[in-house]
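> Sharing a model prediction with you, sequence too.
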Amino acid sequence: MQSALLEAMQERQVTIGDETYQLPKPFLVMATQNPIEQQGTYPLPEAQVDRFMLKVIVDYPRREEEREIMNVHTRVKPPSAQKVVEPQDIMKAREVVRDVYVDEKIENYILDLVFATRYPEQFGLEDLKPLIAWGGSPRATMFLRIAAQAHAFLEHRGYVTPEDVRAIAMDVLRHRVLITYEAEAEEKTSEDIVRAILAKVEVP
């Protein structure tokens with residue numbers, strides 16, 4: 001099961017016996033994780049978690065959002081989905097995102113953030129070193145750049161700013177910074193570490 005999911009996430013294909021099938025485009029994997037009840041489930045291996053671009057924390061809905069949820073799910077006639085975009089439009093948007101300009105200073109900022117998760121002492125964060133078991137992988141650098149480009153695209157800009165990087169950094173890094181037992185004993189989380197890095201690393 002795990003190897004099949006890894007193949008789909010990494011190779012965008014599935015293999016059944018001797019036959020290999022390419023997955024349709026656009027393709028993505030979404031997974032949910034319940035922070036309360038873990039019985040009957042198993043944590044994903046780090047190599048698999050690292051393949052998820054983002055880890056987004058979904059909080060309780062706001063009051064008006066919950067009112068809408070309540071009303072939608074208690075109507076006699078259930079709501080119906082309406083197509084708003086074609087698959088080829090999503091693929092074109094992906095191409096545009098890749099063309100969003102990233103200045104060398106922004107690239108260096110992205111590298112500094114990720115390298116600070118690996119070598120915090122080089123960025124004046126010596127106190128974080130005993131708390132970090134493993135820092136972000138090269139996928140962290142790659143995904144942080146792409147996510148920042150996507151954020152700029154959604155803001156209707158053709159270039160990435162430091163604010164784009166900072167806006168998406170937590171979602172890209174929170175599941176890639178693995179903490180030590182010492183961090184757990186001090187009740188420090190990966191999010192605490194990422195916040196400290198964002199506060200310390202110089203913004204261009």
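Structure received. Numbers count the residues shown, from 1 in each chain.
> Tell me where the chain has helices.
2-11, 46-49, 63-72, 87-98, 104-118, 138-154, 162-173, 181-185, 190-200 (DSSP state H).
> Would you map out the domains in this structure?
Here the domain parsing of the chain from automatic domain parsing is 1-30, 87-204.
> ok, and the helix or strand in the protein with the lowest average confidence?
Lowest on mean pLDDT, DSSP states H and E among the helices and strands of the chain sits helix 2-11, with a mean of 76.
> Show me what counts as buried in stretch 104-113.
I106, Y109, I110, D112, L113 (16 or more other C-beta atoms under 10 Å). In this view, the C-beta of every residue, glycine as well, is placed from N, C-alpha and C.
> Nearest residue to D112 in space, please, no chain neighbours.
Of all residues not flanking D112 in the chain, V201 sits nearest, at 5.0 Å (C-beta to C-beta, 6 or more residues apart in numbering).
> check contacts around the one you found.
Y109, D112, L113, A116, F123 (C-beta atoms under 8 Å, 6 or more residues apart in numbering).
> hmm, 6 Å instead?
D112, L113, A116, F123 (C-beta atoms under 6 Å, 6 or more residues apart in numbering).
> Same check on V100?
Residues Q149, A152, F153, G158 are the ones in contact with V100 under the rule C-beta under 6 Å, 6+ apart.
> From these, pick the one nearest E68.
When the contacts of V100 are ranked by distance to E68 (C-beta to C-beta), F153 comes first, at 27.5 Å.
> burial of that closest one, as a residue count?
Using other C-beta atoms under 10 Å, F153 is surrounded by 19 other residues.
> who's in contact with it?
Contacts of F153 by C-beta under 6 Å, 6+ apart are V97, V100.
> Let's see that with 7 Å instead.
Counting by C-beta atoms under 7 Å, 6 or more residues apart in numbering, F153 makes contact with V96, V97, V100.
> What separation do you get for it and L28?
16 Å (C-beta to C-beta, to the nearest Å).
> pLDDT score assigned to the most centrally placed residue in the chain?
What sits nearest the mean C-alpha location of the chain, by C-alpha atoms, centre = their mean, is L54, with 1.1 Å. As predicted, L54 sits at a pLDDT of 92.
> Quick check on the residue sitting furthest away from the middle of the chain: phi, psi?
Distance from the C-alpha centroid of the chain peaks at V76, with 37.4 Å (C-alpha atoms, centre = their mean). Dihedral pair for V76: phi -70, psi -40, per degrees, to the nearest 10.
> Show the pLDDT at it.
For V76, the model assigns a pLDDT of 75.
> could you list every residue that touches it?
With C-beta under 7 Å, 6+ apart, V76 has no contacts at all.
> could you point out where the chain is predicted with low confidence?
Residue ranges of the chain with pLDDT under 70: 1-2, 35-41.
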